[in-house]
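> Got a predicted structure plus its sequence, pasted below:
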Amino acid sequence: MAKIFVTHPIPGAGVDMLRESKHEVAVNRESRFLSRDELLEAVVGCAGLLTQLREAIDAEVFDAAGDQLKVVSNYAVGFNNIDVDEATRREITVCNTPGVLTEATADIAWTLLMGVARRAVEGDHIMRAGDWSGWKPTELLGGDIEGRTLAILGAGRIGTAVARRSIGWNMKLMYTARSPKPDMEALGARHVDLETALREADFVSVHVPLTPDTHHLLNADRLAMMKPTAYLINTARGPVIDESALVVALKTGKLAGAGLDVYEDEPALKQGLTGCDNTLLLPHLGSATIQTRARMSELAARNLLTVLDNQAPPHAVNQIQA
């Protein structure tokens, strides 16, 4: 019997699946993230960890857990919180939950796109404050969506799902990727370089993973390439955008607006961002539907249990030699 620790409460059947196994299961029952010291104490003796994106899972955690640690199953599609190279060196399998959150995250990208372009939140604030005096020809004029150009940065599952949703708005599509993507080409999308995408698009939706190469991919110089009438949407990873440079671009009229679900220093926001009226800011809701979070829960549990049973998990991000 192995020891498993779940670092934060999760919805769905995942914890029940773990408890129905032959293993000893402990769960952080508090609706808060553990301090670093609490985490290091809780993982002692564990063979499996079910972790969250906000938690740094590194050599210190591996040392605290001990040599019997076999698997870290992240309750997320991203895994930049885990030192995968160190895990691989120690023969620890790292797993994630791709696929199940594709459609929900694509929906949030479109929520941001439409909401910021049509200034929906600003309008809601006016109504709730009792400040609306009736229809006016010039009130809260936003950006058109129908027929405009949408650039997808990173044409993976989620980026492709966002592109697919644009068909109903008769948008022109372009995308960036290392190589042409048949699914994107089938939608009529053009494969372009980053600079072309930024210069020509009316909407830029970010879907690249966070790597050393994509950290601050959209810096001040690249943000300056965008049209002053363009909108930037990010549901990928916060540090892909230089948030301080984005604040400057938004405040000086170099961008029409931005819709963000992820942030550079979550949960903190860069100074000035909340003062930009031309933003729609969501608290990392990409996968936040009842059904999606439940499927993530089950997949994270299944990943963990299959490794402990010495089988190949549904989704591993590293290869461990048998």
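Great, that's in hand.
> Could I get the full set of strands for the stretch 51-200 of the chain?
Here the stretch 51-200 of the chain has its strands, by DSSP state E, counting those that start in this stretch, at 71-74, 93-95, 149-153, 172-176, 190-191.
> buried stuff in the first one?
Looking back up the chat, that one is strand 71-74. V71, V72, S73, N74 (16 or more other CB atoms under 10 Å). Yep, even glycine has a C-beta here, placed from its N, CA and C like the rest.
> Below-threshold pLDDT in the stretch 101-250 of the chain: ranges please.
The stretch 101-250 of the chain contains no residues with pLDDT under 70.
> Would you mind pulling the contact partners of the lengthiest helix in the chain?
The residue-count maximum for a helix in the chain (DSSP state H) belongs to helix 290-308. For helix 290-308, the external contacting residues (CB atoms under 8 Å, 6 or more residues apart in numbering) are 2, 4, 10-15, 17-18, 21, 23, 47-50, 70-71, 73-76, 93, 95-97, 100-101, 103-104, 287, 312-316.
> Try it again at 6 Å.
Defining contact as CB atoms under 6 Å, 6 or more residues apart in numbering, one finds that helix 290-308 is touched by 2, 10-14, 17-18, 21, 48, 50, 70-71, 73, 75, 93, 95, 97, 100-101, 104, 313-315.
> Repeat that for stretch 46-60.
So stretch 46-60 is contacted by 2-8, 33, 65, 68, 70-76, 78, 81-83, 86, 300, 304, 308 (CB under 6 Å, 6+ apart).
> and the longest helix of the chain, how far out from the chain's middle?
Centre-to-centre, helix 290-308 and its host chain are 18 Å apart (CA atoms, centre = their mean, to the nearest Å).
> buried set for that helix?
Buried residues in helix 290-308 (16+ other CB under 10 Å): 292-308.
> sec struct for T214, please.
Secondary structure for T214, judged by DSSP: H, G, I helix; E, B strand; the rest coil, is coil.
> Which residue is the nearest non-sequential neighbour of it?
Distance criterion CB to CB, 6 or more residues apart in numbering; nearest residue to T214, sequence neighbours excluded, is V208 at 4.8 Å.
> what sits against the one you found?
L153, G154, T214, A236, V240.
> For the fourth one, give its distance to V262.
From A236 across to V262, the span is 7 Å (CB to CB, to the nearest Å).
> Which one of those two is surrounded by more residues?
A236 (27 against 22; other CB atoms under 10 Å).
> residue boundaries of the helices in the stretch 1-150 of the chain?
Assigned by DSSP state H, counting those that start in this stretch, the helices in the stretch 1-150 of the chain fall at 14-19, 36-42, 59-65, 84-89, 102-117, 120-128.
> so which of those comes closest to S179?
helix 102-117 (20.3 Å; CB to CB).
> and I320, what does it touch?
E91, T93.
> okay, it: pLDDT?
We note a pLDDT of 87 for I320 in this prediction.
> Can you classify the residue most central in space within the chain by secondary structure?
Among the residues of the chain, the one closest to the centroid is A236, at 4.0 Å (CA atoms, centre = their mean). The three-state label given to A236 by three-state DSSP is coil.
> ok, now which ones touch it?
Neighbouring residues of A236 by CB under 6 Å, 6+ apart: V206, H207, V208.
> Stretch 230-248: end-to-end distance?
15 Å (CA to CA, to the nearest Å).
> Go through that stretch and flag the buried ones.
Buried residues in stretch 230-248, counted by 16+ other CB under 10 Å: 230-247.
> how far is it from where the chain is centred?
13 Å.
> Then stretch 187-203?
With CA atoms, centre = their mean, you get 21 Å for stretch 187-203.
> now swap in stretch 238-253 and tell me
For stretch 238-253, the distance to the chain centre is 18 Å (CA atoms, centre = their mean).
> Over to stretch 128-135?
With CA atoms, centre = their mean, you get 35 Å for stretch 128-135.
> do the same with stretch 224-236
When C-alpha coordinates are averaged (CA atoms, centre = their mean), stretch 224-236 and its chain have centres 17 Å apart.
> Can you pull the domain assignment for this structure?
By the assignment in automatic domain parsing, the chain contains the domains 3-100+290-308, 102-281.
> and the end-to-end length of the first one?
So that's domain 3-100+290-308. Start-to-end, domain 3-100+290-308 (CA to CA) is 10 Å.
> and A177, what does it touch?
So A177 contacts A155 (CB under 6 Å, 6+ apart).
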